[in-house]
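**Q** my questions concern the predicted model and sequence given below.
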Amino acid sequence: MSAAFDILLCLMILATAGIALFVRGAFAAIAFFIAFGNLLGLAWLALGAVNVALAEIAVGAGVTGVALILACSRLFELGDNLADVRTPLASRLGSAALCLGFTVMLAGVVLTIPPGDRLSKVVAPLLPGLGIENPVTGVLLAFRGYDTLLETFVLLGALVAAWSLTPDASRRLPPTTMVMTDPTSRIVAEAFTRLLAPAALIIAAYLVWVGSDLPGGAFQAGAVLAGALVVATLGGVVVLPRLDSLAARIALMVGPLTFLAIGLAGAALGGRFLAYPDGLEKTLIVTIEYALAISIAAGLALLAIGPPQPMPNNARADAR
Amino acid sequence: MSEAFMLAAMLVLVSMAAALLRAWRGPTSVDRIMAVQLVGTGMVGVAVALGAARNEAGMLDAALVATLLAAVAVSAFVRRPEGAATSHSKPNSPSLDR
């Protein structure tokens, strides 16, 4: 039974990926991308990698899908119907060659991993000293803290890149309003926010907390919060901050800076950079994870919704 | 007992394949987004069944997260202006920067 399940799941993943690549129309491709993310999440679950499955479902299918739908509708509003995009054959072949090369490289790396689970034998005896039972969290925040610290700045870098593409004029504008234009939809989104936001807050807090012993963690929690923020923005419950808003920047920076400050404090107290003092490991790791969840939520939500854009005057007037 | 849960997961997976067929055939975007929602719902079902079959609580958390975020995609979709310029009389200003 399990083998039949795995085979059917693999076939569905391949078919969904193929359709997402070759289907005509941007929206159909996005629909299949979301389905692909969900199926991939199931594949990770079937493999027993629940941490990866959670991240794939939350970020890959969830927030990325929302970001793509919003980007598609914004391009649509700007007059790009995304239907008659003709890519030259050379760039199609070029991207196919690049993707193939990358796949071969990944496959090569995966095949060089020696069989057998040697890493967990190294990690498992070290975990009790941290007070943490989830090996993924232990590796990410304690043994490979340096990598994770740099990764937390990657999201910030992506946001800076997106913002730096905005025309100068729109930086001084109030944020693009993403409120539903249709009044009925707006009421539904507003009411839905009041249901979703408390649930999302509790589940995000739970995911961070449970992440130290079971699958979960800051990224998944941040994605759940970002989803709630997007719906709140659509319903007009939350008004987006301007790009120069201090509060938004504090929210974006609090996670990476907390991580950095605790890392530096470890160095100052006589240990190494990113070394946690004895006995305080779990407290510090959970503190970092909560701060990171806030920053990741703000970063993902702002990325999904996109930077402000100059709008026609009448559209801005009726949106306010 | 875990065989029964595995069978349930398998059946839900087959129904997800049917939903994918609808998403592929369309014809309208509403059909597609509803079919993708069905895939998402099926995914939650399979995650719960797998979690029960293997007795792993973390899989229920994955189902919970998927449930929360599936609704967000539909909300974003509803905002999408169907035939943008006509329904909201939003002029397509040529000066708009992309």
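**A** Looks like it came in fine.

**Q** mind checking the SS state of the spatially closest residue to residue A:165 that is not a sequence neighbour?
**A** With sequence-adjacent residues excluded and distances taken as C-beta to C-beta, 6 or more residues apart in numbering or on different chains, residue A:165 is closest to residue A:307, at 7.4 Å. C-betas here are computed from N, CA, C, even on glycine. Three-state call for residue A:307 (DSSP: H, G, I helix; E, B strand; the rest coil): coil.

**Q** residue A:307 is in contact with residue A:168, isn't it?
**A** No: Residue A:307 is beyond contact range of residue A:168, at 11.6 Å (criterion: C-beta atoms under 8 Å).

**Q** mind checking pLDDT for the residue nearest to residue A:165?
**A** pLDDT, residue A:307: 75.

**Q** again with the one 4 residues further on
**A** If you check residue A:311, the pLDDT there is 55.

**Q** who in the stretch 151-300 of chain A is up against chain B?
**A** With C-beta under 8 Å from any C-beta of the partner chain as the criterion, the stretch 151-300 of chain A meets chain B at residues A:167, A:170, A:178, A:180-182, A:185, A:188-189, A:192, A:196, A:199-200, A:203, A:207, A:210, A:214-216, A:220, A:223-224, A:227-228, A:230-231, A:234.

**Q** apply 7 Å and report the result again.
**A** Residues of the stretch 151-300 of chain A found near chain B (C-beta under 7 Å from any C-beta of the partner chain) are A:167, A:180-181, A:185, A:189, A:192, A:196, A:199-200, A:203, A:207, A:214-216, A:220, A:224, A:227, A:230-231, A:234.

**Q** for chain A, what is the nearest residue in chain B?
**A** Of all residues in chain B, residue B:69 sits closest to chain A, at 3.2 Å by C-beta to the nearest C-beta.

**Q** surely that residue meets residue A:227?
**A** Yes: between residue B:69 and residue A:227 there is a contact at 4.8 Å, judged by C-beta atoms under 7 Å.

**Q** mutual contacts of the two, please.
**A** Each of residue A:62 lies in contact with both residue B:69 and residue A:227 under the rule C-beta atoms under 7 Å, 6 or more residues apart in numbering or on different chains.

**Q** what's the following helix or strand after the helix or strand encompassing residue A:99?
**A** Assigned by DSSP states H and E, residue A:99 belongs to helix A:89-112. On the C-terminal side of helix A:89-112, the nearest following helix or strand under DSSP H and E is helix A:119-123.

**Q** now do the helix holding residue A:99: distance to the chain's middle.
**A** In terms of C-alpha atoms, centre = their mean, to the nearest Å, the centre of helix A:89-112 is set 24 Å apart from its chain centre.

**Q** what about residue 66, how many residues nearby?
**A** Going with chain A. Residues near residue A:66, counting by other C-beta atoms under 10 Å in any protein chain shown, number 29.

**Q** um, chain B though
**A** For residue B:66, the neighbour count with other C-beta under 10 Å is 25.

**Q** now do residue A:158
**A** 13.

**Q** my guess is it meets residue A:303, correct?
**A** Yes: the pair residue A:158 / residue A:303 is scored as a contact, 6.3 Å apart, by C-beta under 7 Å.

**Q** where in chain B is pLDDT low?
**A** For chain B, the stretches flagged by pLDDT under 70 are B:80-98.

**Q** ok, longest helix in it?
**A** When chain B is parsed with DSSP state H, its longest helix is helix B:29-54.

**Q** what packs against that helix?
**A** In terms of contacts (3 or more C-beta pairs under 7 Å, 6 or more residues apart in numbering or on different chains; DSSP states H and E), helix B:29-54 is packed against helix A:26-46, helix B:2-25, helix B:58-79.

**Q** export those helices to a markdown table and tack on distance to residue A:117?
**A** Shown next, in a markdown table, are the helices and strands packed on helix B:29-54 (distance: least, C-beta to C-beta, whole Å):
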| stretch | distance to residue A:117 |
| --- | --- |
| helix A:26-46 | 17 |
| helix B:2-25 | 23 |
| helix B:58-79 | 18 |
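
**Q** so which of these gets nearest residue A:295?
**A** If you check each of the helices and strands packed on helix B:29-54 against residue A:295 by C-beta to C-beta, helix B:58-79 wins as the nearest, at 18.9 Å.

**Q** and that closest one with helix B:29-54, angle?
**A** 170 degrees (axes from the mean of the first three to the mean of the last three C-alpha atoms, to 10 degrees).
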